[in-house]
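Engineer: pasting the sequence and the predicted coordinates here, then a few questions.
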Amino acid sequence: MRLEITCHDRVGMGQKVLGIFVEHGINVRGIELKQPGRIYINIPDLEFSDLQTFMPQLRLIEGVGDVKTAPYMPSERERNELSTLIRTFPDPFISIDSKGNIRLANTIASNILGLSEDNLVGQHISLWLKGFNITRWLDSGDVLAQTRRLKFNGDDFVADIMPIHVTDESNKQVLAGAVLILKSEARLGQQISAFKQPNDNTFNGIQAASSAMRKVIREAKRMSSLDSSILIMGETGTGKEVLAKACHGASERSEHAFMTLNCGALPDDVAESELFGVGEKDKENSKRGIFELADGGTVFLDEIGEMSPKLQSKLLRVIQNGSFRRVDSELEVTVNVKIISSTNKDLLHLVSIGEFREDLYYRLNVFGLSLPPLRERRSDILPLAECFINKAAQQIGRTHLSLSAECRDFVEHYPWPGNIRQLENVLTRAASLLEGNEIEISHLQLPAYTREHGYLEQEFEGTLDAAVKSFEADLLRKLYPAYPSTRQLAKKLGLSHTAIANKLREYDINKKTVKI
């Protein structure tokens, strides 16, 4: 049990308080006076019922204001705080005594050396540290902080080596040891890159080794300096929002807000209130929408092809006039925003079938950017993979994670239908569950794939006849809108009119079941 006693800050208060515990024969493990007027006492063997017998005596001491239980001693919190900081520190951290023997090592240092902290304690640091004579430095008359490039367990690191001094009874500084913080070449590179790139939302953060992506970045940089709408087209997971943020960050609007709405993730009425806000009839629920919050900045409309006809009309008015009305309000609100939108659908096809307004399409697509899928930018795959593995390694406090040669070849030629998002998720999972230091193909949770045969369904069930029929039905449903006449469809597929009619009947494909 821990007690916190509030009292006057004067000489002898601690002695009076401890006298009560001596009187009752209670063992006190520790006492701390961390701040004026507060005494903390650690009584490990005391039950709460026992405390009630002498609590009144403590309160009756002159100058004592209050006595209550405390969840921990101040020093316990400080120790745990320091321990947590050291353990989770992203770089190797080692504390040594004045002879150079290890007293403490954090998780990442232990992982690099392949030993537990218990096995490291007491070992001399020079067993793993080469290129700097730690013993000579500790024995020198004037021990000063050092920053040196050296070898740690055979690899290059830059080390900050800082002495620990303690003041003795005669007020002299006595050397008690040192701490070492080591940074690998990869970590230094990341920090230098971060220093040169103060704004995360820039094009520097986009991997563009492939010619296709370099072309996209060149075009996006030019478009960002202009204030017209941008439409970003690409498959799911290709990084459309990342590119949109980069366009905003490179524009003159970068100091203002970048607001996002996924048009396909919310019901129509919720999306409308999120975009345009709610009026003042109900003052409790009145709120500004995304367009007002982004005034002077950029609004990113993700998956614009999912937007309802009602919202399309209202959005068109914002683009044309810069004004709109909140939900349940007659007041006009005027804003100045740049609109960047994205889609993984064929908007021109949606226009042709009447599901997307043609005038809105041309307003949004003043500048168009087409993001290539990952399978069409293979030279970007391995740099992205290494980036994701390093990121995952930092999060779990590990280093030296890599892909095996066989796995690198597999990753580079896998089609990645989920694109960058799928690549990151798969590698993050593999790195997090990895026991060794090298990721193999077997560690990647993916549908089996070969260059010769494409995807191989690992959990395929059924017969060959059922699989053929499923494929046939799917193909006919896709072709039927373009060839709604059985004769046209039969000619396209090289079959007889009767054969096609029978198959359409078998799979229930007609103008009622398939939208034309």
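Structural biologist: Received the coordinates, thanks.
Engineer: tally of neighbours for Ile441?
Structural biologist: Ile441 is flanked by 17 other residues according to other C-beta atoms under 10 Å. Where you see a C-beta, it was placed from the backbone N, CA and C, and this is true even at glycine.
Engineer: any idea how far it is from Glu255?
Structural biologist: Per C-beta to C-beta, to the nearest Å, Ile441 is found 46 Å from Glu255.
Engineer: one more: Leu315?
Structural biologist: To Glu255, Leu315 is 25 Å away according to C-beta to C-beta.
Engineer: more neighbours: the two, which one.
Structural biologist: The residue with more neighbours, out of Leu315 and Glu255, is Leu315; 25 against 8, by other C-beta under 10 Å.
Engineer: can I get the CA coordinates of the helix or strand hosting the more buried one in CSV?
Structural biologist: Using DSSP states H and E, Leu315 sits in helix 309-321. Provided in CSV are the C-alpha atoms of helix 309-321 (Å, rounded to 0.1, in the frame of the first residue of the first chain):
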residue,chain,number,x,y,z
PRO,A,309,-27.3,12.4,-58.8
LYS,A,310,-28.6,14.8,-56.1
LEU,A,311,-25.2,15.5,-54.8
GLN,A,312,-23.8,15.7,-58.3
SER,A,313,-26.2,18.6,-59.0
LYS,A,314,-25.2,20.4,-55.8
LEU,A,315,-21.5,19.9,-56.4
LEU,A,316,-21.8,21.3,-60.0
ARG,A,317,-23.3,24.5,-58.5
VAL,A,318,-20.4,24.8,-56.1
ILE,A,319,-17.9,24.5,-59.0
GLN,A,320,-19.8,27.0,-61.2
ASN,A,321,-20.6,29.6,-58.6
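Engineer: for Gly296, which non-adjacent residue is spatially closest?
Structural biologist: Using C-beta to C-beta, 6 or more residues apart in numbering and skipping residues adjacent in sequence, the residue nearest Gly296 is His256, 4.0 Å away.
Engineer: what's the burial count for that neighbour?
Structural biologist: By the measure other C-beta under 10 Å, the count of residues near His256 is 18.
Engineer: let me know the secondary structure of it.
Structural biologist: When classified by DSSP: H, G, I helix; E, B strand; the rest coil, His256 comes out as coil.
Engineer: quick check: the gap between it and Asp295.
Structural biologist: From His256 to Asp295 the distance is 8 Å (C-beta to C-beta).
Engineer: then Leu120?
Structural biologist: Counting by C-beta to C-beta - Leu120 and Asp295 are separated by 57 Å.
Engineer: neighbour count winner among the two?
Structural biologist: Between Leu120 and Asp295, counting by other C-beta under 10 Å, Leu120 is the more crowded of the two (20 against 17).
Engineer: dump the residue contacts of that one.
Structural biologist: Residues counted as contacts of Leu120 (C-beta atoms under 8 Å, 6 or more residues apart in numbering) are Ile102, Ala105, Ala109, Ser110, Leu113.
Engineer: contacts only, for the last one.
Structural biologist: It stands for Leu113. Ala105, Leu120, Trp128, Asn153.
Engineer: picking that back up, among the contacts of Leu120, which are located in helices?
Structural biologist: Ala109, Ser110, Leu113 (DSSP state H).
Engineer: where along the stretch 251-400 of the chain do the strands fall?
Structural biologist: Using DSSP state E, counting those that start in this stretch, the strands found in the stretch 251-400 of the chain span residues 258-262, 298-302, 323-325, 332-334, 338-343, 367-370.
Engineer: what sits up against the second one?
Structural biologist: Looking back up the chat, that one is strand 298-302. Against strand 298-302 from outside (C-beta under 8 Å, 6+ apart): 240-241, 244-245, 247-248, 251, 253, 256-264, 290-291, 307, 315, 337-342.
Engineer: confirm Gly177 sits in a strand?
Structural biologist: Yes: applying three-state DSSP, one finds Gly177 inside a strand.
Engineer: is it in a bridge, and if so with what?
Structural biologist: Listed beta-bridge partners, Gly177: Asp97, Ile164 (assigned using DSSP bridges).
Engineer: wait, it touches Ile96, no?
Structural biologist: Yes: with contact defined as C-beta atoms under 8 Å, Gly177 and Ile96 form a contacting pair (5.2 Å).
Engineer: the two: which is more packed in?
Structural biologist: Between Gly177 and Ile96, counted using other C-beta under 10 Å, the more crowded position is Ile96 (25 against 19).
Engineer: ok, the more buried one to Pro163 distance?
Structural biologist: 10 Å.
Engineer: mutual contacts of the two, please.
Structural biologist: Gly177, Ala178.
Engineer: domains for the protein, by residue range?
Structural biologist: 2-76, 90-188, 203-370, 374-456, 464-506 (automatic domain parsing).
Engineer: so how far is Asn344 from Gly237?
Structural biologist: 9 Å.
Engineer: how about the strands in the stretch 401-516 of the chain?
Structural biologist: Using DSSP E, counting those that start in this stretch, strands in the stretch 401-516 of the chain cover 402-403, 438-439, 448-450, 454-456.
Engineer: and the third one, average pLDDT?
Structural biologist: Looking back up the chat, that one is strand 448-450. For strand 448-450, mean pLDDT rounds to 56.
Engineer: give me the below-cutoff pLDDT ranges for the stretch 301-450 of the chain.
Structural biologist: 448-450 (pLDDT under 70).
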